[in-house]
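Asks: I'd like to go over a predicted model; first the sequence, then the structure.
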Amino acid sequence: DTGVSQNPRHKITKRGQNVTFRCDPISEHNRLYWYRQTLGQGPEFLTYFQNEAQLEKSRLLSDRFSAERPKGSFSTLEIQRTEQGDSAMYLCASSLGDRGRTDTQYFGPGTRLTVL
Amino acid sequence: AQRVTQPEKLLSVFKGAPVELKCNYSYSGSPELFWYVQYSRQRLQLLLRHISRESIKGFTADLNKGETSFHLKKPFAQEEDSAMYYCALSGGSYIPTFGRGTSLIVHP
């Protein structure tokens, strides 16, 4: 499968624990996006990378959220000291990023987080 | 600020009936508008974008700047069209804002 992959697909954790999710984009894609989706809502943008540079992170939900893309390939999203309100689907998407306009994003299957 | 409104959470039609999924937006600049679709147990995928002005799977959408709308239409719905549909807007920052989605159910 050459699409965007995310691991794990499901994560159950206890409140206060740290969790880390991984996203592997389509190999030639320069841009990588993270979203959160809660029940009954559309995806909510969190942050994005152009290669290894994080170009927008002001919409990360709190300072407990952080993301990295160290070599411009895969990315990780970490949530520290999880809260029950963090329970959601976390989506990753990638795109070529070689156009001046918004390019087509290809989404992964998501990681569903449940915080007990 | 940019905002996308999809007023209908659920739209239920019979096979062969016309379909219109509504999308209204708020943005002060020149927007890029998209429709994404998520079929059952599949990942979110792009259906169409307004700059392409194309028809995908029989669906079309016209950007109406006067009414700030980008409604998705199909003249004859098929059962395989049943899915969640999300309208999205992107401004100059290339960061899309999604609506809450409309669930389309096409009955046989």
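Replies: In hand now; what should we look at?
Asks: the helices in chain A, which residues?
Replies: For chain A, applying DSSP state H gives no helices.
Asks: for chain B, what are the nearby residues on it?
Replies: Contact residues, chain A versus chain B (Cβ under 8 Å from any Cβ of the partner chain): A:3-4, A:40-45, A:48, A:56, A:59, A:91, A:93, A:101-110. For every residue, glycine as well, the C-beta is placed using N, CA and C.
Asks: ok, the closest residue to chain A within chain B - contacts?
Replies: Nearest residue of chain B to chain A, counting by Cβ to the nearest Cβ: residue B:98, 3.2 Å away. By Cβ atoms under 8 Å, 6 or more residues apart in numbering or on different chains, the contact list for residue B:98 reads A:42, A:43, A:44, B:4, B:36, B:86, B:87, B:88.
Asks: quick one on the thing from earlier: and the residues of chain A next to chain B, which of them are buried?
Replies: A:4, A:42-45, A:48, A:56, A:91, A:93, A:102-103, A:105-110 (16 or more other Cβ atoms under 10 Å in any protein chain shown).
Asks: among these, which are located in strands?
Replies: Among these, the members found in strands (DSSP state E) are A:44, A:45, A:48, A:56, A:91, A:93, A:106, A:107.
Asks: which stretches of chain B form strands?
Replies: B:3-5, B:10-14, B:19-21, B:24-26, B:32-38, B:45-49, B:60-61, B:72-74, B:83-90, B:96-98, B:102-107.
Asks: now swap in chain A and tell me
Replies: Using DSSP E, strands in chain A cover A:5-7, A:10-13, A:19-24, A:31-37, A:44-50, A:53-56, A:65-68, A:75-79, A:88-95, A:106-107, A:111-115.
Asks: pairing partners for the shortest one, with directions?
Replies: Each strand pairing with strand A:106-107, determined using DSSP bridges, is listed with its direction: strand A:88-95 (antiparallel).
Asks: alpha carbons only: can I get the strand it pairs with in PDB?
Replies: C-alpha atoms of strand A:88-95 as PDB (Å, rounded to 0.1, in the frame of the first residue of the first chain):
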ATOM      1  CA  ALA A  88     -10.700  11.900  19.200                       C
ATOM      2  CA  MET A  89      -9.600  10.600  15.800                       C
ATOM      3  CA  TYR A  90      -6.200  12.000  14.800                       C
ATOM      4  CA  LEU A  91      -5.700  12.300  11.100                       C
ATOM      5  CA  CYS A  92      -2.600  12.700   9.000                       C
ATOM      6  CA  ALA A  93      -2.500  13.900   5.400                       C
ATOM      7  CA  SER A  94       0.200  14.600   2.900                       C
ATOM      8  CA  SER A  95       0.500  16.500  -0.400                       C
END
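Asks: run the chain-centre distance for it.
Replies: Here strand A:88-95 is found 5 Å from its chain centre; the criterion is Cα atoms, centre = their mean, to the nearest Å.
Asks: who touches that strand?
Replies: With Cβ under 8 Å, 6+ apart, strand A:88-95 has contacts from A:4, A:6, A:21, A:23, A:25-26, A:29-38, A:43, A:75, A:77, A:103-108, A:110-113, B:44.
Asks: how about 6 Å then?
Replies: A:4, A:6, A:21, A:23, A:25-26, A:29, A:31-38, A:43, A:103, A:105-108, A:110-112 (Cβ atoms under 6 Å, 6 or more residues apart in numbering or on different chains).
Asks: and the angle for it with strand B:45-49?
Replies: Using axes from the mean of the first three to the mean of the last three Cα atoms, to 10 degrees, the inter-axis angle of strand A:88-95 relative to strand B:45-49 is 60 degrees.
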